[in-house]
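1. Here you go, sequence then predicted model.
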Amino acid sequence: MWIRILLGVLAWGLLAVGARPAHPAASVAPVNTDGKLSPPKSKPHDKRPKRNIELFTGEVVMLRDALKRRGIVAFDEFEKQVVLETPGGELIPIVPDWRGRAFYQDKRLRDRKVELVGRQRKGIPYLQVLTIFTFDKQGVRQYTDYWCDLCSIPMYEIKPCDCCQDQIRIRFQPRELPDYLTNQKTTNE
């Protein structure tokens with residue numbers, strides 16, 4: 001009996017929700033100052049810059065090698081750590097998360113010019129990578145990810161395809177920077 005009551009309440013609630021306008025203001029038509037109805041205004045696409053997202057340039061290298069070039073001997077604990085070495089010589093460690101992990105796995109992404117879209121949070125030296133752009137030998141910017149030719153699924157680290165479990169390949173696509181970054185100054189120049 002309780003199940004029937006519960007199902008009835010749920011069904012009534014769904015019907016009631018469907019009968020209401022999507023937004024309280026949607027039921028009120030805008031009116032001009034002369035008393036005539038005006039057409040609804042379309043909302044412009046939000047072109048505000050993404051919060052805390054910046055462009056970082058340089059080369060991704062092994063931390064141990066970068067320290068060695070600076071005369072600092074590091075032991076095994078730094079053997080697998082990768083960093084972005086900026087044109088100014090700064091070393092920014094990369095978080096090995098869903099996107100940054102590719103630099104730890106794939107040596108083809110290291111020791112080459114890169115532009116990384118990412119963020120650094122206050123008080124944390126690590127760079128969280130969101131998008132990877134590498135450059136080919138001719139200097140053309142390439143959006144870089146991994147791709148399954150069978151399933152047409154992009155992936156962001158080396159592993160079997162999420163769908164078919166077959167091998168994936170690295171993919172380079174000539175592409176410009178996102179619009180929200182084109183007017184920003186590059187970080188760490």
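-> That came in fine, so what should we check first? Treat the numbers as computed from the prediction; the structure is a model and nothing was measured.

2. drop to CA atoms for contacts and neighbour counts, all remaining ones
-> Fine.

3. helices or strands next to the helix or strand containing Phe56 in the packing?
-> Here Phe56 is covered by strand 54-62, with elements defined by DSSP states H and E. Counting contacts by 3 or more CA pairs under 8 Å, 6 or more residues apart in numbering; DSSP states H and E, strand 54-62 packs against strand 82-85, strand 113-119.

4. try it again with 10 Å
-> strand 82-85, strand 91-93, helix 101-105, strand 113-119, strand 128-135, helix 179-182 (3 or more CA pairs under 10 Å, 6 or more residues apart in numbering; DSSP states H and E).

5. Report the buried residues of stretch 78-88.
-> Buried residues in stretch 78-88, counted by 16 or more other CA atoms under 10 Å: 81-86.

6. scratch that, stretch 102-115 is what I was asking about
-> Neighbour-count burial for stretch 102-115, counted by 16+ other CA under 10 Å, picks out 102-104, 109-110, 113-115.

7. The chain: helices as residue ranges?
-> Under the criterion DSSP state H, the chain contains helices at 2-19, 63-69, 101-105, 179-182.

8. and those, which one is worst for confidence?
-> Note on those: helix 2-19 shows the lowest mean pLDDT, a mean of 48.

9. Give me the distance between Gly58 and Tyr143.
-> From Gly58 across to Tyr143, the span is 15 Å (CA to CA, to the nearest Å).

10. no no, Asp65
-> Separation of Asp65 from Tyr143 (CA to CA): 26 Å.

11. Who has more neighbours out of those two?
-> More crowded of Asp65 and Tyr143, by other CA atoms under 10 Å: Tyr143, with 20 against 16.

12. Tell me who's in contact with that one.
-> The neighbours of Tyr143, taking CA atoms under 10 Å, 6 or more residues apart in numbering as the test, are 114-116, 131-135, 171-177.

13. 8 Å instead, please
-> If a contact means CA atoms under 8 Å, 6 or more residues apart in numbering, then Tyr143 has 131-134, 172-175 as its contacts.

14. Skipping adjacent residues, who's closest to it in space?
-> Distances taken as CA to CA, 6 or more residues apart in numbering put Phe133 closest to Tyr143, at 4.6 Å, once the chain neighbours are dropped.

15. Run through this protein and note the low-pLDDT ranges.
-> Within the chain, the segments meeting pLDDT under 70 span 1-51, 183-189.
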